[in-house]
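> just coords:
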């Protein structure tokens, strides 16, 4: 089996693997909502964090709990919950990012009744006071976990968990950089590796990243393709990602809730592990729900420069207010820099005919430049 | 059905119109006199600080309902659309961004429009559209900006650490305001502002409580009195106005005067009203029905401690958004359940509001609680608190008519059952 298939299969089996971890190893399994949940803390309690994520195309089941004007990812997640896809979860944690996800968290807790639930309220800024406050939030989470699991928190175990996650992030970051430098890496592989980090036991995925990295090869033809960055919130439409690459686009960078933003930084050394972890999460490149325009502009332009991007595809979920609110500003930023861009609106329909036509036109336009 | 019914409008509305006019005039006066005009986000405990320091605040969010009421919202939506903002964004956002970026330059605006800002206060707080509104404004206006932080915490989970952090942000803001205006902060003046707010909240609760009387002395059509809770907290203006309102509604209660003479159905309203169609609340009169309680007005049901003025405004800032949104669905359901019992509600109307996801999420859970635990019938309709294009009056009327008939039938059946028990 090739490595593309291997990682894809692993991700596809993630719920089955989580069930096995629970049933055979007696591990608790917690669902996480958004990328700001400090999974290292869960891991230090021997809890398996599983990011709630999916592309259930039949999200009509969500109609019993959510209005139709909520973004498709939130509807997908609740639809999967109602269908029993996450019936193995012992707890759910949300770290406040957007209004809809917070609503989803509340509705999930009320209807699916996890034994443990926690809403983490991180600060929006990264000042000394914010670090101190966020540390207190993490401590509150730790206290709640101690109470729930009956286990004492161990700083040493947290240190080890941080090390493992750091290694994983470093490896994925290295694969992004290898792709940037011309190695033959499919973006769908990166997508699956990013997702694997979120939904699989960290111990399982690190060896895979290492093997993948040692197998990446330079591809001389890569330079002729259009170097694209995708930007949006939750992007799980693999058909669309695959189509972009099939049309001649090379997705070398991303600005999404799953990708490079989460693997670029490392947990700083030299502090107690909780404070260090706080700094890592507050240093993360800005998410549209948490950052102001200057920070978003700075990250996007730096990423474009770092990855030598020559076009941007905004992939916006229908009704996603954080990103729809940012879009005109970012569009103007790109226009000023003469970087071509296009906006796709995702409505849980996958690769529609209209979207395909627009993508074809866009890539063709890039070719004509 | 009966003939003419309404006795609804409170006399206090005359005073309210003047308060609204004065509020906007103050902003222009400050501008004309060279005092800094500072735009601030809504529903935070910053207003007490501003009034304590003698600074005139301007709330873009509060401007939006006014634009909707006078019909200026459509033009602002067009401006926002031309700037590339999606029609799926909240109507407050589209109105305020459209207005601030383009509409503000138009001539002959109602109340002379808003004076342009000399400073902006941009908080990571409240709902996403509020946060994004200020990010757009910060990008557009070339003025000093104060950025601060207010985490989203469920009301029942607010701890000392949250208050302490909010206080650090307020202290930073004080420094910024002192530098920007040359005015000095005085803790005693803030204490006095907190006393006014606390008194306003107490009066507010007392005013709202009169609606538990049958018949109710006023309906949701008077929700405009909330203007003083948003813009005049921290001042005697709010206290004096609310005292007058309380006196008036108490007189109505003493006379047994309801907003309609033959009140038969008492309703609860969830979510923001349709600001462009406040007459909607009068439609219920056709069925001798009155909206006697709503979720939105509970945002002001809180008490402050003047002995701890900074902590008080920090607390107020922390609770004002979660109280009405879905940061804590359980708390919201608890508040609604309490209101349903206290106000003797016969039925609930839930506005599924395309402009407000935080309040609209969880409404299906609320309906289930109403049905299964409280046996109170409810109905949901699609609408938008700012955009009339996303609301159909005809559909609304059809659904409401059927709902009212059902409630009346339920009440008749209940009365028959009681009669049978007495006779039997």
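Yes, it's here. On a predicted model such as this, the values are computed, not experimentally measured, just so you know. Numbers count the residues shown, from 1 in each chain, chains lettered A, B, ... in the order given.
> Strands of the stretch 1-150 of chain A, start to end?
Assigned by DSSP state E, counting those that start in this stretch, the stretch 1-150 of chain A shows strands spanning A:28-33, A:47-51, A:91-95, A:116-120.
> tell me the phi and psi of the closest residue to chain B within the stretch 1-150 of chain A?
Among the residues of the stretch 1-150 of chain A, residue A:124 lies closest to chain B, at 2.7 Å counting by C-beta to the nearest C-beta. For glycine as for every other residue, the C-beta is placed from the backbone atoms N, C-alpha and C. As for residue A:124, its main-chain torsions (degrees, to the nearest 10) stand at phi -90, psi -20.
> Also the one 3 residues further on?
Backbone dihedrals for residue A:127, given as degrees, to the nearest 10, come out at phi -100, psi 180.
> partner residues bridging the closest residue to it other than its chain neighbours?
Once flanking residues are discounted, residue A:127 sits nearest to residue B:149: 7.9 Å by C-beta to C-beta, 6 or more residues apart in numbering or on different chains. Counting by DSSP bridges, residue B:149 forms beta bridges with residue B:124.
> doesn't residue A:123 make contact with residue B:149?
Yes - counting by C-beta atoms under 8 Å, residue A:123 is a contact partner of residue B:149 at 4.9 Å.
> so what sits against both of the two?
Shared contacts of residue B:149 and residue A:123 (C-beta atoms under 8 Å, 6 or more residues apart in numbering or on different chains): A:130, B:124, B:165.
> what about residue B:279, distance to residue A:362?
Noted for residue B:279: a distance of 48 Å to residue A:362, by C-beta to C-beta, to the nearest Å.
> and the two? which has more neighbours close in?
Using other C-beta atoms under 10 Å in any protein chain shown, the more surrounded residue of residue B:279 and residue A:362 is residue A:362, with 21 against 10.
> What number of neighbouring residues does the residue of the stretch 1-150 of chain A closest to chain B come out with?
So residue A:124, with other C-beta under 10 Å, has 22 neighbours.
> which residues touch it?
Residue A:124 makes contact with A:130, A:290, A:291, B:124, B:125, B:149, B:150, B:151, according to C-beta under 8 Å, 6+ apart.
> Am I right that the third one is in a strand?
So that's residue A:291. No - counting by DSSP: H, G, I helix; E, B strand; the rest coil, residue A:291 is not part of a strand but coil.
> Against residue B:135, how distant is it?
Separation of residue A:291 from residue B:135 (C-beta to C-beta): 9 Å.
> Looking at those two, which one has more neighbours?
More crowded of residue A:291 and residue B:135, by other C-beta under 10 Å: residue B:135, with 26 against 22.
> and that one, that one's in a helix?
Yes - the assignment for residue B:135 (three-state DSSP) places it in a helix.
> Please list the residues of the stretch 51-200 of chain A that sit near chain B.
Applying C-beta under 8 Å from any C-beta of the partner chain, we find that the stretch 51-200 of chain A lies next to chain B at A:64-67, A:69-70, A:96, A:98-100, A:102-104, A:106-107, A:109-111, A:119, A:121-125, A:127, A:129-130, A:132-133, A:136-137, A:140.
> These in helices, which ones?
A:99-100, A:102-104, A:106-107, A:109-111, A:129-130, A:132-133, A:136-137, A:140 (DSSP state H).
> Now residue B:328: closest residue in space that isn't a chain neighbour?
residue B:154 (3.4 Å).
> Pop out the phi and psi values for that neighbour.
phi -60, psi 140.
> thought residue B:385 was touching residue B:278?
No - using C-beta under 8 Å, residue B:385 is not in contact with residue B:278; the gap is 11.0 Å.
> Settle it for me: which of the two has more neighbours?
Shown here are residue B:385 and residue B:278; by other C-beta under 10 Å, residue B:385 has more neighbours (26 against 17).
> looking at this, the more buried one is in a strand?
No - applying three-state DSSP, one finds residue B:385 to be coil, outside a strand.
> OK, contacts around it?
Per C-beta under 8 Å, 6+ apart, neighbours of residue B:385: B:65, B:68, B:91-92, B:271-275, B:351, B:353, B:355-356.
> Count the neighbours of residue 114 for me.
Since no chain was named, I'll use chain A. Using other C-beta under 10 Å, residue A:114 has 17 neighbouring residues.
> right idea, wrong chain: chain B
Residue B:114 has 24 neighbours, counted by other C-beta under 10 Å.
> Same check on residue A:242?
Residues lying near residue A:242 (other C-beta under 10 Å) number 15.
> so where does it fall, helix or strand?
Using DSSP states H and E, residue A:242 sits within helix A:238-246.
> try residue B:351
Here residue B:351 is assigned to strand B:347-353, by DSSP H and E.
> if we can go back for a sec, the strands of the stretch 1-150 of chain A into CSV, with extra columns for mean neighbour count and mean pLDDT?
Output for the strands of the stretch 1-150 of chain A, formatted as CSV (neighbours: other C-beta atoms under 10 Å in any protein chain shown; pLDDT from 0 to 100):
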stretch, mean neighbour count, mean pLDDT
strand A:28-33, 24, 98
strand A:47-51, 23, 98
strand A:91-95, 25, 97
strand A:116-120, 21, 97
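> Next up, the contacts around residue 154.
Picking chain A for this. Taking C-beta under 8 Å, 6+ apart, one finds residue A:44 in contact with residue A:154.
> think we crossed wires, I meant chain B
For residue B:154, the contact set (C-beta under 8 Å, 6+ apart) comprises A:119, B:322, B:327, B:328, B:331.
> Recalculate using a threshold of 6 Å.
Applying C-beta atoms under 6 Å, 6 or more residues apart in numbering or on different chains to residue B:154 gives the contacts B:322, B:327, B:328.
> Show the contacting residues for residue 110.
No chain specified, so I'll use chain A. Residues near residue A:110 by C-beta under 6 Å, 6+ apart: B:329, B:365.
> um, chain B though
The contact partners of residue B:110, by C-beta under 6 Å, 6+ apart, come to residue B:70.
> go again using 10 Å as the cut-off
Taking C-beta atoms under 10 Å, 6 or more residues apart in numbering or on different chains as the contact definition, residue B:110 lies against B:24, B:66, B:67, B:69, B:70, B:71, B:72.
> likewise residue B:83?
Contacts for residue B:83 (C-beta under 10 Å, 6+ apart) come out as A:328, A:329, A:332, B:94, B:97, B:98, B:101, B:102, B:136, B:140.
> Good, wrapping up.
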